[in-house]
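Novice: Kindly generate the corresponding structure for this input.
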Amino acid sequence: MPNTNSSIPLLISLLILLSLTSLNRAAIRILIGTCHASGFLTGKAGFCTTQNYASCCQTGELYPQYRCSPAVTNITNAKLDVGGFSQGSDGGAAAECDGNFHSDNDLVVALPTGWYNGGRRCLKKIRINGNGKSVLAKVVDECDSVNGCTADQNYEPPCPPDVINASPGVWNALGIPTSKMEVPITWSDA
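Specialist: Numbers count the residues shown, from 1 in each chain. Below is the predicted model:
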């Protein structure tokens, strides 16, 4: 008669392997730290404020959508982009976290959908390092990586998954001219 007790560890290992292979692609991407486009949004043009070098949606153009961002570590690589948070600026609607507009001098940022994490970083500070300097900035908004090309998003395309939209105040604190547009930085939760 075969020994069934020795088959139990093999059966458990097989069940674990099967459960891992049934994970959806998004979960696997998060586990291995990569982030790829989850779909495409068909652009719709509208009134777009081009303050802070904003790029505007073009009707019929396809824009990638991201439901993820690269994994957050103690030193997360990102790109800093300038964004407006005041009324009538290229930021579109009031900040999602507090429902307010913010001065260009305020040290505030909008994080892409994955890093925004469903609002879990709302009103918390992050540390941004760039140009040999460091600054604490408050998360006040989501830079939507899935939706875009609407009035609420200033008719701009969805945000890339690794870009932090920062007020001119953040750029000034880092000593970086806003004319540089996208600048490599690192960031972490404060």
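
Novice: drop to CA atoms for contacts and neighbour counts, all remaining ones
Specialist: Fine.

Novice: hmm, which helix or strand of this protein has the shakiest average pLDDT?
Specialist: Sorting the helices and strands of the chain by mean pLDDT, DSSP states H and E puts helix 25-32 at the bottom, at a mean of 37.

Novice: Show the subsequent helix or strand relative to that one.
Specialist: Of the helices and strands lying after helix 25-32 in sequence (DSSP states H and E), the nearest is strand 39-42.

Novice: List the buried residues in the helix or strand that that next one is followed by.
Specialist: Per DSSP H and E, the first helix or strand lying C-terminal to strand 39-42 is strand 62-65. Residues of strand 62-65 classed as buried: Y63, P64, Q65 (neighbour count, 16 or more other CA atoms under 10 Å).

Novice: can you tell me which residue is nearest the centre of the protein?
Specialist: P112 (1.6 Å; CA atoms, centre = their mean).

Novice: which ones are touching G114?
Specialist: The contact partners of G114, by CA atoms under 8 Å, 6 or more residues apart in numbering, come to Y66, R67, C68, S69, P70, S145, P161.

Novice: okay if I get the residues you listed as a markdown table plus pLDDT, neighbour count and secondary structure?
Specialist: Shown next, in a markdown table, are the contacts of G114 (pLDDT from 0 to 100; neighbours: other CA atoms under 10 Å; DSSP: H, G, I helix; E, B strand; the rest coil):
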| residue | pLDDT | neighbour count | secondary structure |
| --- | --- | --- | --- |
| Y66 | 95 | 24 | coil |
| R67 | 93 | 20 | coil |
| C68 | 95 | 27 | coil |
| S69 | 94 | 25 | coil |
| P70 | 93 | 19 | coil |
| S145 | 94 | 25 | coil |
| P161 | 96 | 27 | coil |
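
Novice: can you list those residues in JSON lines and add distance to P177?
Specialist: Compiled in JSON lines, these are given as follows (distance: CA to CA, whole Å):
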{"residue": "Y66", "distance to P177": "28"}
{"residue": "R67", "distance to P177": "30"}
{"residue": "C68", "distance to P177": "29"}
{"residue": "S69", "distance to P177": "26"}
{"residue": "P70", "distance to P177": "26"}
{"residue": "S145", "distance to P177": "25"}
{"residue": "P161", "distance to P177": "23"}
